[in-house]
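Enquirer: Sharing a model that was predicted from the sequence below.
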Amino acid sequence: MNRKILVVAAHPDDEVLGCGGAILKHIESGDIVHTIIMAEGLTSRDCCRDVVGRADELSELHQTAKKVADFMGVEKLIMNNFPDNRMDSVALLDVVKTIEREVDEFQPDVVYTHHAGDVNVDHRVTHDAVITACRSLPGEPVREILFFETLSSTEWQMMTADKIFQPNVYVDITKQIHKKIKVLELYSSEMREYPHPRSYEGVKILARYRGLIVGCPYGEAFMLGRSIR
């Protein structure tokens, strides 16, 4: 039976960095994937948030996210406009309700989202909102929640912190890695030069490392939040 997969990411490109290979693999196997992007993804680059001044760039970034979703085969993309790197200034309830609406309508079996220990505040708020939106009420559709790692955020957390990414679920993305890189090329404005972790080479190095842990050429790693069997 085909499954319904919901990916909740803070910014455009996080969905690909975190679980792009898994998304492609789900789609190739016939699963239905919906993606929610929470924050607009640009205005933190300014001292003060200027949505009007960034209007053209924001429109282009959001159009790119739509191209990415279409290229990957994602059935539905929901773009929100929460303030970039300022989601802690928004009432958590407002963030939760945005996710709850899609959970109620789509009834996903599996949800992917950010890890709780990420350095980026939007990632942490998104994580907390997903946990609340997918709480185990009677009749809750979500059977599994998986947390992904996002280069230039997850690995920057101090190893002495109490919330370290410790993966226990791995996906072999050997057949998907090259398409994942091609998808990231659509997000070229968000990528950086190596040795920045959010570079094409950085993505491949991490995938090689995650793969070799479980005996495959390329992999993606996740932490299991909840699984109901």
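Expert: It's in. Numbering: from 1, shown residues only.
Enquirer: what's the helix or strand bottoming out on mean pLDDT in the chain packed up against?
Expert: Every helix and strand in the chain was compared by mean pLDDT, DSSP states H and E; the lowest is helix 55-72, with a mean of 94. Packed against helix 55-72 by the contact rule (3 or more CB pairs under 8 Å, 6 or more residues apart in numbering; DSSP states H and E) you find helix 14-28, strand 32-39, strand 76-82, helix 177-186. Glycine gets a C-beta too; all of them are placed from N, C-alpha and C.
Enquirer: Give me the contacts around the first one.
Expert: Around helix 14-28, the neighbours that count as contacts under CB atoms under 8 Å, 6 or more residues apart in numbering are 3, 5, 7, 9, 33, 35, 37, 68, 72-74, 112, 114, 123, 146, 148-151, 171, 173, 175-177, 179-180, 183-184, 187, 198, 203, 207, 218-220, 222.
Enquirer: Please, a PyMOL command that selects the buried ones among the residues you listed?
Expert: Buried residues within the contacts of helix 14-28, by 16 or more other CB atoms under 10 Å, are selected in PyMOL with:
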select buried, resi 5+7+9+33+35+37+68+72+74+112+114+123+146+148+149+150+151+171+173+176+177+179+180+183+184+187+198+203+207+218+219+220+222
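Enquirer: Include mean pLDDT when you put the helices and strands packed on helix 55-72 into TSV, please.
Expert: Below are the helices and strands packed on helix 55-72 laid out as TSV (pLDDT from 0 to 100):
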stretch	mean pLDDT
helix 14-28	98
strand 32-39	98
strand 76-82	97
helix 177-186	98
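Enquirer: do you know which of the ones you listed lies nearest Lys163?
Expert: helix 14-28 (16.2 Å; CB to CB).
Enquirer: Which strand residues bridge Ser147?
Expert: Not quite, residue 147 is Phe, not Ser. Note on Phe147: beta-bridge partners by DSSP bridges are Thr113, Met223.
Enquirer: in terms of contact, does Tyr187 touch Val68 like I think?
Expert: Yes - with contact defined as CB atoms under 8 Å, Tyr187 counts as touching Val68 (6.7 Å).
Enquirer: Between those two, which contacts overlap?
Expert: 12, 16.
Enquirer: Quick one: residues contacting Val51.
Expert: Going by CB under 8 Å, 6+ apart, Val51 touches 40, 43, 58, 81.
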